[in-house]
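[1] would you be able to build a 3D model of this:
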Amino acid sequence: MNASIAVHDRAKAAREIEKLKALSPSHYLTLNAISVLAAYDANLPALLAVIDTSLEQFPGDPVLINMKMHCLSDMGRNAERLKILAGLCRKTEVNPVFWSAYACEMMKDGRKKEEALYWIKRTFRYLRTEAFTITLMGSLLWSEKKYKEANELFRFASCLEDKNESYTEQFFNASRYLKQTEQAIEFLVQRVKRYGKKSVDPAISLINAYRILEQTGNVFQVLEVHLQEHPDNGNLLAFAAHCYASYGRYRQAEEYLARAKGKTQDKTWLYTAAKLAGFKSEKKQAVVFWREIINIEPLSLEAHSTLAMLYGEIDGKSASYSYLEEICGRYPNHIGLHQLRISWLKNDRPETVETICNTLLGHYDNDAWVHFELAYSLFKQRHIDKSEQSIIKALAIDADNPDYLTLLGDIYEYQGKHANAQDAYKKALVIQVDTANAIFGLIKSCGNLEEKKEALVFIEQELIRQTVFGNRLTAFYQVAQRWLRPQPKSREAGNAL
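    Got it, this is the predicted structure:
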């Protein structure tokens, strides 16, 4: 069965499972085979059901419990997951992996950083050579703005788990933020040299890094080399089709997509085909592909998000609203789907967003994002006092979110508390200087030309101090061109890039 899954022969795998069921339907190997097929299909309800059946036979099995935790997380049943984790951590004998999982949950709430640190340190004493534990410690250091120490831990983790690309991706992104991009690229190049003959994954990570850096020549140079080395690798062929499509080279994209057929998972092929149709503006064909993806992976946020956009482009915005309302009704506990729906409704229907957020807070009271969206919807309706209360709750959980601080500044500005507003906007910009609304809000809150000039100098200094990517200087230049003519320091601001 596993051999059939490895070559993406799902039909044969299903037949092998039927043979196992006929021999012994409740045997551990049978249940394990069913779970593998359910995971392959991304059929979360079926996967959870077989895990629960297995736990009846093997209560307390850490592997099964961990699988259940991941399944509940993917299904958006976070409250249930957190309750199970808290119960496990109260036991005297428990696998340390659950301490680290509980620490992850605590880290999401800024009010519980001390508790998170306790569980991370406790985990570290037992699992100090585990990449996940090291990454967890690095993430905590990063949240405390100890960036260099954190990135060193990210590097250690990527070396320990050198077959897991997510650790390498995290190290690259952190290095880029610290302006150590060249060193990170060299790290990726060396990984390709070591493992490139055996796996395409290191090459894909390197190509994605070049795409982020907009080094198109290097993208296709590395891609073509590995296509020659791995001409029948379905994942690489599908990746190549996406790469060529994203650069408008549709003929090559279609060739590689055709070659990938039957050599990779159906959902991987469909994702690539859907994106190719989207790049070519073949909207109705794209809808067909995305609907097929939903049949395979019912909780794919990318698929639901893209379908909502396509329905809006074809039949108008109301079609998007109706589709998202239907999906959220079908999966009422999935916070990711509610977040998607709110992102569509927040500017047009704040009353509906308020209702959704109040419902979600019954299950996710420690979610800063829900409090923020509630605050925004209340602000849009000009319920200012209630909006202020909600945004303060959001900031208590996540004090370093620039969007939350910007909304607090907007509330203060509306109340006429200009000094408080400027303070909130500046705090947001110190955290992330390319927060456009904070830039516009700060300038608007200034009472005269001199204050505006002082604010622009403050922003310029932050642009130079921080790492800024791409075209994110636009907001600064929009306001600077109006209030600073000529701009003698514009070259210094450009050095922020």
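[2] and Y323, how far is that from I392?
    Spatial separation of Y323 from I392 under the definition CB to CB, to the nearest Å is 34 Å. Backbone N, C-alpha and C define where each C-beta goes, glycine included.
[3] can you pull the pLDDT of Q487?
    For Q487, the pLDDT comes out at 49.
[4] residues touching L360, list them.
    I335, H338, D367, V370 (CB atoms under 8 Å, 6 or more residues apart in numbering).
[5] correct me, but L324 touches A308?
    Yes - between L324 and A308 a contact is recorded at 5.4 Å, counting by CB atoms under 8 Å.
[6] got any residues that touch both of the two?
    Listed contacts common to L324 and A308 are L340, W344; contacts here mean CB under 8 Å, 6+ apart.
[7] what about V50, how many neighbours?
    V50 has 23 neighbours, counted by other CB atoms under 10 Å.
[8] tell me which element it is part of?
    helix 44-57 (DSSP states H and E).
[9] now do the buried residues in that helix.
    Neighbour-count burial for helix 44-57, counted by 16 or more other CB atoms under 10 Å, picks out L44, L47, L48, V50, I51, S54.
[10] what lies in contact with that helix?
    Residues contacting helix 44-57 (CB under 8 Å, 6+ apart): 26, 28, 31-32, 34-35, 38-39, 61, 64-65, 67-68, 71-72, 74-75, 298-299.
[11] would you mind writing the PyMOL command to select the buried ones in those residues?
    In PyMOL syntax, the buried subset of the contacts of helix 44-57 is picked out as below (16+ other CB under 10 Å):
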select buried, resi 31+34+35+38+39+64+65+67+68+71+72+75+298+299
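[12] D348: neighbouring residues, count only.
    D348, neighbours per other CB under 10 Å, totals 11.
[13] helix/strand/coil for it?
    Classification of D348 by DSSP: H, G, I helix; E, B strand; the rest coil places it in coil.
[14] now do the contacts for it.
    Taking CB under 8 Å, 6+ apart, we find D348 in contact with K317.
[15] picking that back up, save the buried residues of helix 44-57 as CSV, and put in distance to D315 and pLDDT too.
    Listed next are these as CSV, based on distance: CB to CB, whole Å; pLDDT from 0 to 100:
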residue, distance to D315, pLDDT
L44, 29, 74
L47, 34, 87
L48, 35, 88
V50, 39, 91
I51, 40, 92
S54, 45, 92
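[16] what stretches of the stretch 51-200 of the chain score poorly on pLDDT?
    Where the stretch 51-200 of the chain drops to pLDDT under 70, the residues are 76.
[17] what comes up buried for the one helix or strand T123 maps to?
    Per DSSP H and E, T123 falls inside helix 113-126. Judged by neighbour count (16+ other CB under 10 Å), helix 113-126 contains these buried residues: A116, L117, W119, I120, R122, T123, F124.
[18] any chance you could list what contacts that helix?
    89, 96-97, 99-100, 102-103, 106-107, 133, 136-137, 140, 143.
[19] burial measure for the nearest residue to G312 once chain neighbours are set aside, as a count.
    The shortest distance from G312 to any non-neighbouring residue, by CB to CB, 6 or more residues apart in numbering, is to S320 (3.8 Å). As a burial measure, S320 scores 22 neighbours (other CB under 10 Å).
[20] distance check, D385 against S73.
    Separation of D385 from S73 (CB to CB) stands at 35 Å.
[21] neighbour count for the two, which is higher?
    When D385 and S73 are compared for neighbours, S73 comes out ahead with 16 against 10, by other CB under 10 Å.
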